[in-house]
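Student: How does the following fold in three dimensions:
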Amino acid sequence: MTPDKTVKPGSLAAWVACARPKTWLIAVSPVLVGLLFALAETKTLDITTTAATLLIAVLMQVISNMENDAGYTKRNAERSTRKGLPRATANGWLTVKAVENAIRLLALVAVLDTAFLVYKGGWVFILICLASVIAAYCYMGGPRPIAYTPFGEAVVFIFFGITAVCGTFYLQTLSLNTEVVIASAALGLQAAAVLAVNNFRDLEHDASVGRKTLAVLLGHQGMLTAYRVLILAPYALIALLIAIEPSYWPCLLGAVTVFSALKLARDLGLKKGLELNDVMFGTIKLELRFAVCLMTGALVTFLLTNGF
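Tutor: Sure thing, here's the model as predicted:
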């Protein structure tokens, strides 16, 4: 592809493009959901653990973004047919070596942060951290990157839903319950929908460079169906959560986002090319609004059960 010269090499703008701060909210939102469900359960939060958990979520997201950026360039997997956001290394704004050095520095900070969380969470959290680090690296690293397989959406569901929410809850309570597992699955499905629309948009490009993503495997119509399931199933899970534990009825607030979900499910089948970026960003916004609704629901549950 032809390098984009609009950003000065080595500039702050180049590093912002590589780190993609707009994606950080996707990493932080499940942590916040886990924290507020823990508050509803235990009536208190450990502030130091809260800060360390939020930090590790952001660090892992940045490392993943940078590994993704550098990994595509090293594999020469960037083509002019790609419709996604520009990559810093592919455009010559940053060298692969500079990005890899930054990853090592951030990884060191992440290790120190993780050591504290392991101290708080015990051996269970050691397993969670190891699995998270391996998944972050293997998404674009290693001999067979996850990004080149049909398992990307499953990995996002596990680590941006189940692991992030339940891991956060566990660090605060040293336990799990059915309600938080259901909430984590609901949020994980919508997180997976973000990757699904991204892979739907890049289907032809990915097929041309040998990436066998879920979208390449299922084709346009199959991936359209998968996206609709991912984006709408969370509402059924919230109904299940309330049926199991009625005190969480304030989480019904999440239902107000269903109309946006239905519009996105329709738009994915109508829009083409760069217009699909609007659907992707709309899906990110939906996930964040849905997470805010779950947070609000858990907070109201806490307030009601404590006589406020």
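Student: Report how many residues lie close to residue 104.
Tutor: A total of 10 residues lie near residue 104 under the criterion other Cβ atoms under 10 Å. All C-beta spots, glycine's among them, are computed from the backbone N, C-alpha and C.
Student: Torsion angles phi and psi at it?
Tutor: Backbone geometry at residue 104, expressed as degrees, to the nearest 10, gives phi -60, psi -40.
Student: and what of residue 95?
Tutor: phi -80, psi 150.
Student: ok, it touching residue 89?
Tutor: Yes: using Cβ atoms under 8 Å, residue 95 is in contact with residue 89, at 7.0 Å.
Student: higher neighbour count, the two?
Tutor: It is residue 89, of residue 95 and residue 89, that has more neighbours when counted by other Cβ under 10 Å, with 24 against 15.
Student: Remind me which helix or strand the more buried one belongs to.
Tutor: Here residue 89, judged by DSSP states H and E, is contained in no helix and no strand.
Student: Begin at 93, not 1, for the rest of this chat.
Tutor: With 93 as the first residue, the last one maps to residue 181.
Student: what's the burial count for the residue nearest to it when sequence neighbours are not counted?
Tutor: Closest residue in space to residue 181, ignoring its immediate chain neighbours: residue 165 at 4.0 Å, by Cβ to Cβ, 6 or more residues apart in numbering. A total of 19 residues lie near residue 165 under the criterion other Cβ under 10 Å.
Student: and residue 165, helix, strand or coil?
Tutor: When classified by DSSP: H, G, I helix; E, B strand; the rest coil, residue 165 comes out as helix.
Student: Residue 354 versus that one, what's the distance?
Tutor: Separation of residue 165 from residue 354 (Cβ to Cβ, to the nearest Å): 38 Å.
Student: what about the helices in the stretch 143-292 of the chain?
Tutor: Taking DSSP state H, counting those that start in this stretch as the criterion, the stretch 143-292 of the chain contains helices spanning 188-213, 215-230, 244-249, 256-265, 270-293.
Student: Select, out of the ones you listed, the one closest to residue 336.
Tutor: helix 270-293 (5.7 Å; Cβ to Cβ).
Student: buried stuff in stretch 113-127?
Tutor: 115-127 (16 or more other Cβ atoms under 10 Å).
Student: wait, residue 183 sits on residue 100?
Tutor: No: look at residue 183 against residue 100 with Cβ under 8 Å: they stay out of range, at 11.1 Å.
Student: Looking at these two, which one has more neighbours?
Tutor: Set residue 183 next to residue 100 and count neighbours by other Cβ under 10 Å: residue 183 wins out with 21 against 10.
Student: Look up how far residue 377 lies from residue 241.
Tutor: Counting by Cβ to Cβ, the gap from residue 241 to residue 377 is 28 Å.
Student: Same check on residue 152?
Tutor: The value you get for residue 152 to residue 377, if Cβ to Cβ is used, is 22 Å.
Student: just residue 144 next, same as before
Tutor: Applying Cβ to Cβ to residue 144 and residue 377 gives a distance of 28 Å.
Student: can you check residue 182 too?
Tutor: As judged by Cβ to Cβ, residue 182 and residue 377 stand 26 Å apart.
Student: what's the answer for residue 223, then?
Tutor: Residue 223 is 29 Å from residue 377, by Cβ to Cβ.
Student: Residue 258 too?
Tutor: Counting by Cβ to Cβ, the gap from residue 258 to residue 377 is 24 Å.
Student: of the two, who's got more company?
Tutor: When residue 258 is set against residue 377 and neighbours are counted by other Cβ under 10 Å, the residue ahead is residue 258, at 22 against 14.
Student: That one reaches residue 276, doesn't it?
Tutor: Yes: using Cβ under 8 Å, residue 258 is in contact with residue 276, at 5.1 Å.
Student: Next, show the common contact partners of the two.
Tutor: residue 126 (Cβ atoms under 8 Å, 6 or more residues apart in numbering).
Student: isn't residue 312 right up against residue 299?
Tutor: No: between residue 312 and residue 299 there is no contact under Cβ under 8 Å: 11.4 Å.
Student: among the helices and strands of the protein, which one scores worst on average pLDDT?
Tutor: Ranked by mean pLDDT, DSSP states H and E, the weakest helix or strand in the chain is helix 215-230, scoring a mean of 81.
Student: Off-centre distance for that one?
Tutor: When distances are taken as Cα atoms, centre = their mean, to the nearest Å, helix 215-230 is centred 15 Å away from the chain's centroid.
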